[in-house]
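1. Predicted model, plus sequence, below.
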Amino acid sequence: MGDVDAFLRTLGSNLPSTENGDHMRWKLMNNGNFDIRSFYNKLRGPVPIIFPWKSVWKVKAPRRVSFFVWTAVWDKILTGDNLRGRGLDFVDWCITYRCNGETVDHLLLHCGNAYRLWSLVFRSFGISWVLPRSVADTLFGWWNWFGKHSSSIWNLAPLCLMWCLWRERNRRTFEDMESSIDQLLASFSGSLFDWSRAWGLTSSDFLPMFLSSLLCN
């Protein structure tokens, strides 16, 4: 009996000091109470973020351009709709084509001037293409379309095109300067050529030769 008494005394000395009895505690909440939202989030697990990172960060483009396109994919560049979402009140229209509202996808993909630039790209590479609804979807379908070893300039083209459109939009907005569509096409072609030469993506020495070489890739 002595051993039993010692065991009971030891057990009694280690009982919790509170008078409340044992109870279940939900570890996913700080207050210990069960919560449906926390239970659902635990079952669902972390939601993967789907992002066309290769088409943004693996392309050999100027870093500021990659950062701009990264921001555009997240729909965070300061277009009319995003500015209005911040409480600013102004006329929301596409300044480069003077119609519609200025959304990221409209400005960089579906605006009339943007469409002409995209058409130039498709003609230069000798293909037909229907642009998807969003910038993200466009970049998802764009990466290495010609194969791993012959798509370097192709991968660079959308970043260069979007950058030229954004610069033109800002010139019209802040400097009251406007390029014709021919000037815009020339600016895009020249930038793509210069960037391709800087990164060693082409051996062409002149712009016409460079544009002709795209059909051979």
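-> In hand now; what should we look at?
2. Helix or strand next in line after the helix or strand harbouring residue 159, which one?
-> In this assignment (DSSP states H and E), residue 159 forms part of helix 152-170. With elements assigned by DSSP H and E, the helix or strand that comes after helix 152-170 is helix 181-198.
3. Taking helix 152-170 as reference, get the angle to that next one.
-> Going by axes from the mean of the first three to the mean of the last three C-alpha atoms, to 10 degrees, helix 181-198 is angled at 140 degrees with respect to helix 152-170.
4. quick check, residue 75 in a helix?
-> No. Read with DSSP: H, G, I helix; E, B strand; the rest coil, residue 75 is coil and lies in no helix.
5. Tell me which other helices or strands the helix holding residue 159 touches.
-> helix 53-57, helix 63-73, helix 112-125, helix 135-142, helix 181-198 (3 or more C-beta pairs under 8 Å, 6 or more residues apart in numbering; DSSP states H and E). Glycine gets a C-beta too; all of them are placed from N, C-alpha and C.
6. same thing but at 7 Å, please
-> helix 63-73, helix 112-125, helix 135-142, helix 181-198 (3 or more C-beta pairs under 7 Å, 6 or more residues apart in numbering; DSSP states H and E).
7. Nearest to residue 156 among those would be which one?
-> helix 181-198 (6.2 Å; C-beta to C-beta).
8. Quick one: residues in contact with the closest one.
-> Contacts of helix 181-198 with the rest of the structure, by C-beta atoms under 7 Å, 6 or more residues apart in numbering, involve 61, 113, 116-117, 120, 153, 156-157, 160-161, 164, 168, 179, 202, 207, 210-211.
9. And for stretch 209-217?
-> 124-126, 146, 150, 153, 189, 193, 196, 202, 204.
10. picking up where we left off before, pull the CA atoms of the helix holding residue 159 into CSV?
-> Provided in CSV are the C-alpha atoms of helix 152-170 (Å, rounded to 0.1, in the frame of the first residue of the first chain):
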residue,chain,number,x,y,z
SER,A,152,15.3,33.3,-78.0
ILE,A,153,14.2,36.3,-80.1
TRP,A,154,10.6,35.0,-80.1
ASN,A,155,10.6,34.9,-76.3
LEU,A,156,12.0,38.5,-76.3
ALA,A,157,9.5,39.9,-78.7
PRO,A,158,6.4,40.3,-76.3
LEU,A,159,8.5,42.0,-73.6
CYS,A,160,9.9,44.4,-76.2
LEU,A,161,6.5,45.1,-77.7
MET,A,162,4.7,45.8,-74.3
TRP,A,163,7.6,48.0,-73.3
CYS,A,164,7.2,50.1,-76.5
LEU,A,165,3.5,50.4,-76.0
TRP,A,166,3.9,51.5,-72.4
ARG,A,167,6.5,54.1,-73.3
GLU,A,168,4.3,55.5,-76.1
ARG,A,169,1.3,55.6,-73.7
ASN,A,170,3.4,57.6,-71.2
